[in-house]
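> Predicted structure and sequence below. I'll ask about it afterward.
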Amino acid sequence: MTNLLDNISNPKDLRKLNQSQLPQLAKELREFIIDIVATKEGHLGASLGVVELTIALHYLFETPDDLLVWDVGHQAYGHKILTGRKDVFHTNRQFGGIAGFPARKESEFDTFGVGHSSTSISATLGMAIASNLKGETEKQHIAVIGDASIASGMAFEALNHAGVSNANLLIILNDNAIGIDPAVGALKEYLTKVKSDKKLAAQNNIIKALNFDYSGPIDGHDLPKILNELERLKSVKGPKFLHVITTKGKGLQKAEEDQVTYHAPGKFDKISGERILKEKSLYTKYQDVFGQTIVELADKNLRIVGITPAMLTGSSLKLMLEKYPNRTFDVGIAEQHAVTLAAGMATQNLIPYCNIYSTFLQRAYDQVIHDVAIQNLPVIFCLDRAGLVGEDGATHHGVFDLAYLRLIPNLIIFAPRNEIELRNILYTAQLGLKNPIAIRYPRGTGNIIDWKQPFKKIEIAKSYCLQKGNKTAILSIGTIAKNVTEALKFVDLPSNFSHYDMRFVKPLDENTLHTIFKTHQNIYTIEDGTVKGGFGTAILEFMADNEYQNKVEILGIPDNFIEHGSVTKLQQTLNLDIDSLISRFNRA
C-alpha cells in the first residue's frame, strides 16, 4: 500500500486525497509521531489524541488563509508534520531544530505562538474581529483548546467577550479529561456529565448560555462525524462551539493506560510502548526535595497547606496529596487564583506553600503585588523550574523571576545553592516569617546524595563564603554556583579568587558586600536569570548607592529570549558553562 504521508508536504497535498483515504493517513501520522518521539523524546499523548481532528481541520479549512490556533501547543505535532515540517520533525525541541510549540517565526501555519495555556480563544477572537474590520467576512478562525485549559480565568474572559461578538469564530473543545495531570474542578465535572447526559448538553448548557452555537459532544476519533460537523459549522455565522471527545495517547496502549507519564514519556519502545528508563541517578530531583520536605514539615506543623495550579506531578506536591489530601489543593490552570487563595489562607494563620513554575508565576504578577506583598502576608512561593529549563524553550525558561520579583517591597527572595539549602529554607519559612518569600530552584537533580540532614534555620539576608581570595570576588546566586566552584579548580591563580554564595537577592547581605567591595579589585556576579534588572543589577545599585568604584561584570542570561536546547548546550552558548568561566576568570 502506498504511504500517503510520504506524499504530503503541506495541506494542499492533503486536500487532494479522498475522504475514504483519511483513516489510513491518520494511522500513518500516528505511527510517524510515535517513531520520532520514541527516540527523540517530546510531548506524546496530546498529539496522538488529536490526529483525526488535525487532519480534518487542515482538510476542510483553507489553512493558512483560514486561521488555526492551538492552545498551549502540546498537541500540535501532527499539525507541524502536515504543514511542511515532516522532514525536519526529527529535530523537534533540539538545539537549532524546530520548536516544540507553534511559533510564528517558524511557519505561516503557526498563526499564534503558544506555550502557556488558555490564550487561544482571546487570540483567535482578536483575529476574527480584525477580519471583520477588514471586510474579510468569509475567513474562518478556529481555536482548539483542552478541557483543562478552558477552565482557566483567561479562557472564561474570552468566552464572555466572544459570546456577544459577531465574530466568525469556532472554538473546538478537545475534551480528554486531562491536562498534564487529570483535570479538576466543577467545570470538569460538568463536562463529564455532558458526555453521558445528552439532555444536559441540550438544555442546561453553560456554553449555550454564553450565546454560542453549541454542538456535540462527538467522537473525536470518528473522522466522518468530525468532517460532517466541521463542514456544517463552516456555514454557520457568529461564535460557534464544538465539543469533541478524544483519548489522550490514542493509538499507543501504554500511553492510553498511563496518560500522566506518557504526556512526555522520554524515550520508549515504539512497538510495545515500554519506556526506556535512564540509568537511575544517585541524586534527587529538586522537585522531590521539595515534595519530600514539605511532607516532613507538614507532619509536625498542622498549619501547613500546599497549593499548585495543575502541577501536582511536576512539582511533586502529589506526595503531600497522598498523605494529606485535605491540606493539598490543585486549583487547575489558575495561577492568579492560586496566589490569592494562598493569600486568603495566610490571613487565617495557615502557612501556604504555593508551588508554581517560575515561568507560570508571571501570569499572576498582579496578585503577588496586590494580594500578597501590599498586605505583607507570609505566603511561601516555591518556584520550580527556575533558570534555563532546556528543550521546552523560550516560553518555559524561568529566567525573569529574580528581576520581576526584586521590584516588589516586602518580598524576600532566596535561591538555594543545593538540596540542603532548599530543605533548610523550606524549614525556615514555616518558623514564623513576617514577610512573603520566594524560593526559586531549578529543574533536574542536585548533586548531594545524603541531603536529608537535620533541619537548620537559615539567617535571613546572610550570605556564605565558599572560597576566600584576595583580588577577584565572584558573587553567585543559586545552583549556578556549582559551575563557578568547578571552574575555580582550574584557574591559573586560584588564590586570587573569592567565591560567595549570596543566597538572598532581597534583602542583600550588605555587611558582607561592604567587606567584598573594600577588599577586592574586580567583582563578577553570576546568575541563571536575565542580566537586566536581576541579581547583578542589585549589586550595581548597591555599588552606586555606596559610591564604590570597583570593576563589576555581570554574567547571566542576555537581553533576548533563549531558544530550546539542552541546558548544557544553552549554557555553552551563553558562556555560562565551566570551560567558558575558566577562560573568563583567567582574564580577570
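Received, thanks.

> Show me where the protein dips below the pLDDT cut-off.
1, 179-180, 198-204 (pLDDT under 70).

> ok, now with 80
Low-confidence segments of the chain (pLDDT under 80): 1-2, 178-185, 188, 190-204, 588.

> longest single strand anywhere in it?
Longest strand in the chain by number of residues, with DSSP state E as the criterion: strand 522-530.

> counting contacts, what elements does it pack onto?
helix 401-406, strand 472-476, helix 535-545, strand 551-557, helix 578-586 (3 or more C-beta pairs under 8 Å, 6 or more residues apart in numbering; DSSP states H and E). Where you see a C-beta, it was placed from the backbone N, CA and C, and this is true even at glycine.

> Kindly recompute the last result at 7 Å.
helix 401-406, strand 472-476, helix 535-545, strand 551-557 (3 or more C-beta pairs under 7 Å, 6 or more residues apart in numbering; DSSP states H and E).

> The last one pairs with which strands?
Same thing as strand 551-557. Strand pairing for strand 551-557, using DSSP bridges, gives strand 522-530 (parallel).

> quick one: contacts of the partner strand?
Strand 522-530 is contacted from outside by 387-388, 399-403, 471-478, 480, 484, 516, 534-536, 539, 550-557, 559, 588, using C-beta atoms under 7 Å, 6 or more residues apart in numbering.

> ok, of the residues you listed, which come out buried?
Neighbour-count burial (16 or more other C-beta atoms under 10 Å) applied to these gives 387-388, 399-403, 472-478, 480, 484, 516, 534-536, 539, 552, 554-557, 588.

> I'd like to know how far the residue nearest the centre of the chain sits from residue 183.
Computing the C-alpha centroid of the chain and ranking residues by C-alpha atoms, centre = their mean puts residue 396 first, at 4.6 Å. As judged by C-beta to C-beta, to the nearest Å, residue 396 and residue 183 stand 21 Å apart.

> All the strands of the stretch 101-250 of the chain, residue numbers only.
Using DSSP state E, counting those that start in this stretch, the strands of the stretch 101-250 of the chain run over 141-146, 169-175, 213-219, 240-245.

> Out of those strands, the one nearest residue 569 is which?
Closest to residue 569 of those is strand 141-146 (C-beta to C-beta; 30.7 Å).

> In its sheet, which strands sit next to that closest one, and in what direction?
Going by DSSP bridges, the partners of strand 141-146 are strand 67-70 (parallel), strand 169-175 (parallel).

> then the last one to PDB, C-alphas only?
C-alpha atoms of strand 169-175 as PDB (Å, rounded to 0.1, in the frame of the first residue of the first chain):
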ATOM      1  CA  LEU A 169     -15.200  32.100  15.500                       C
ATOM      2  CA  LEU A 170     -15.100  28.400  16.000                       C
ATOM      3  CA  ILE A 171     -13.900  27.100  19.400                       C
ATOM      4  CA  ILE A 172     -13.200  23.300  19.500                       C
ATOM      5  CA  LEU A 173     -13.100  21.800  22.900                       C
ATOM      6  CA  ASN A 174     -10.700  18.900  22.900                       C
ATOM      7  CA  ASP A 175     -12.100  17.100  25.900                       C
END
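
> From the contact counts, what lies against the helix or strand in which residue 48 is found?
Residue 48 belongs to helix 45-49 when assigned by DSSP states H and E. Applying 3+ C-beta pairs under 7 Å, 6+ apart, we find helix 45-49 packed against helix 22-40.

> Can you spell out which helices and strands pack onto the helix it packs on?
helix 45-49, helix 51-60, helix 77-80, helix 223-234.

> on that earlier part again, chain center to the helix holding residue 48: distance?
18 Å (C-alpha atoms, centre = their mean, to the nearest Å).

> Identify all contacting residues around that helix.
Under C-beta under 7 Å, 6+ apart, the answer for helix 45-49 is 30, 33, 74-78, 176, 246-252, 255, 259, 262-263.

> For residue 520, give me its contacts.
Contacts of residue 520 by C-beta under 7 Å, 6+ apart are 471, 472, 473, 498, 550.

> And residue 505, by the same measure?
When contacts are counted by C-beta under 7 Å, 6+ apart, residue 505 is found next to 402, 406, 413, 415, 477, 535, 538.

> Repeat that for residue 570.
388, 562.

> for residue 41, same thing?
266, 267.

> any idea how far it is from residue 264?
Separation of residue 41 from residue 264 (C-beta to C-beta) stands at 7 Å.

> ditto for residue 15
Applying C-beta to C-beta to residue 15 and residue 264 gives a distance of 32 Å.

> When these two are compared, which one has more neighbours?
Ranked by neighbour count (other C-beta atoms under 10 Å), residue 15 and residue 264 place residue 264 first, with 20 against 14.

> Let me know whether that one touches residue 37 as I believe.
No. Residue 264 lies out of contact with residue 37 (C-beta atoms under 7 Å); the separation is 8.9 Å.

> Identify the contacts common to those two.
Joint contacts of residue 264 and residue 37 (C-beta under 7 Å, 6+ apart) are residue 44.

> Any buried residues in the helix or strand hosting residue 345, and which?
Using DSSP H and E, residue 345 falls within helix 335-347. Residues of helix 335-347 classed as buried: 335, 336, 337, 338, 339, 340, 341, 342, 343, 345, 346 (neighbour count, 16+ other C-beta under 10 Å).
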